[in-house]
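> Quick one, fold the following:
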Amino acid sequence: MDGICTLANDRVYDQLVALLNSIEAVQGPQMPVCVFPYDENVDRVAAEIARRPNVQLYDDTESIRRWETFAEEIWKTHPTAFQRWNLQPGERFNRVGMHRRFCGFDGPFDRFIYMDGDTLLMDSVDFIFEKLETYDCVVYDFQYKDPSHVYDVTSEKLYDIFPKERIESEIFCAGFYGTKKGLFDEEARKELLEHLKSDEADILYVNGPDQSIVNYMMMRSHKSVYNFAHHRSDDEKTGCCVTSPHFENRNNVLYDKGRRLTYLHYIGIPLNAFSRVCTGENVEFPYRDLFLHYRYLHEPEKRPKLTGKPKPYNPKPTLTQRILKKLNLTR
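Now for the predicted structure:
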């Protein structure tokens, strides 16, 4: 069975509703969806899922434990990660919940597409599933242009482990990828840990831990990765990131110079920008109206009436803040 997976808790409730509505509107209400709980704070998420017959909340606690433990063991092999994270009391490692995405590898779907909670589906993903018939991992993004958010490019070992041509052709953004159940069994995980313990761990990017791990898992295990961005012509390919200002909105679907996007990733937009605008605060961010359309697709009467002066989601620091920062009196 094919399906779509995502991660959520109540902090990203509004984004989850928008994503689920976009999947329903674009792919159809029959598409199965599995939501992995980011943590135990999922009361609103569970109530929303209960209203959707095609959506399930993942509850295999043994699977969750297994993948969290695996991720923790990976980061324990890194020479400086825990010191650099400056963890708070009780924190096991950085962004623990993000690693629960790996439950997809033993989850309910034989083939699945993982989508971050801050994405919206814009077109059918049938072509992703079709390509999974011949590849282990299928993506559609341009992360290869900036490997510094996947691996530590300052590591002298990086290009010894992964030649530059593999970096340029295989790395991908962990916000959207298609892959398969069962790719990483216990034996495969042990082998990956052995490689990391053999002085490979410091190539991992500690500030994007889950993204770094999923790329390392695919590449070190020599799984086949297909990126449509490498194979489509310039006349066919589209962007996917909210940082591109030129997308055209046609009936609540985005187009890139006349070509329909597959998905939109609100990368870089802070979590509170979505929740603030949903409470009526006039917070501006790119493609805000598109997000609000899908968030309130089934309850348009609840869509907030934004009033007051628009506020940027990333306001420039005040003069006082700039002075304090220069004097090293603030973080």
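> pLDDT wise, what is Gly90 at?
At Gly90, the model reports a pLDDT of 71.
> In the helix ranked longest in the chain, which residues are buried?
In the chain, taking DSSP state H as the definition, the longest helix is helix 61-76. Of the residues in helix 61-76, Ser63, Ile64, Arg66, Trp67, Glu68, Phe70, Ala71, Glu73, Ile74, Trp75 count as buried by neighbour count, 16 or more other Cβ atoms under 10 Å. Where you see a C-beta, it was placed from the backbone N, CA and C, and this is true even at glycine.
> So which residues make contact with it?
Helix 61-76 is contacted from outside by 36-37, 58, 81-82, 92-94, 96, 99-100, 102-103, 105-107, 189, 192-193, 196, 201, 204, 206, 209-210, 213, using Cβ atoms under 8 Å, 6 or more residues apart in numbering.
> Please, a ChimeraX command that selects the buried ones among these?
If you want just the buried ones from the contacts of helix 61-76 in ChimeraX, going by 16+ other Cβ under 10 Å, the selection is:
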select :36,37,58,81,82,93,94,96,99,100,102,103,105,106,107,189,192,193,196,201,204,206,209,210,213
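> Which of the contacts of helix 61-76 fall within strands?
Phe36, Pro37 (DSSP state E).
> partner residues bridging the nearest residue to Arg276 once chain neighbours are set aside?
The shortest distance from Arg276 to any non-neighbouring residue, by Cβ to Cβ, 6 or more residues apart in numbering, is to Val283 (4.8 Å). According to DSSP bridges, the residues that bridge with Val283 are Lys311.
> and if you look at Leu204?
Counting by DSSP bridges, Leu204 is bridged to Tyr151.
> Find the residue at the geometric middle of the chain.
What sits nearest the mean C-alpha location of the chain, by Cα atoms, centre = their mean, is Gly175, with 2.7 Å.
> right, and that one touches Tyr266 too?
No. Applying Cβ atoms under 8 Å, one finds Gly175 not in contact with Tyr266, separated by 9.4 Å.
> need the contact list for Lys302.
Tyr296.
> same check, this time on the one 3 residues further on
In this structure, Lys305 makes contact with Gly280, judged by Cβ under 8 Å, 6+ apart.
> Shouldn't it be within a strand?
No. Counting by DSSP: H, G, I helix; E, B strand; the rest coil, one finds Lys305 to be coil, located in no strand.
> Can you give the domain ranges for this structure?
Here the chain is described, according to automatic domain parsing, as comprising the domains 2-231, 268-326.
> Ok, which of these comes nearest Leu261?
domain 2-231 (4.2 Å; Cβ to Cβ).
> how long is that closest one from one end to the other?
One end of domain 2-231 to the other measures 24 Å (Cα to Cα, to the nearest Å).
> next one: that domain to chain centre, how far?
Centroid displacement of domain 2-231 relative to its chain, using Cα atoms, centre = their mean, to the nearest Å, is 7 Å.
> quick one, helices of the protein?
So, for the chain - with DSSP H - the helices run 13-26, 43-50, 61-76, 81-85, 126-131, 158-161, 164-170, 186-195, 209-220, 228-231, 271-278, 288-295, 319-326.
> now for the ones you listed, which one comes closest to Cys240?
Among those, helix 228-231 sits nearest to Cys240 (Cβ to Cβ), with 8.9 Å.
> And the closest one, what does it pack against?
strand 137-139 (3 or more Cβ pairs under 8 Å, 6 or more residues apart in numbering; DSSP states H and E).
> What helices and strands are in contact with the strand it packs on?
strand 176-180, strand 225-227, helix 228-231.
> which residues are in contact with the shortest one?
The one in question is strand 225-227. 131, 134-141, 144, 169-170, 172, 218-219.
> for the chain, what's the longest strand?
Assignment by DSSP E gives strand 2-8 as the longest strand of the chain.
> What angle do helix 13-26 and that one make with each other?
Put simply, strand 2-8 runs at 160 degrees to helix 13-26, going by axes from the mean of the first three to the mean of the last three Cα atoms, to 10 degrees.
> Neighbouring strands - and their directions - for strand 2-8?
For strand 2-8, pairing defined by DSSP bridges yields strand 33-37 (parallel), strand 111-115 (parallel).
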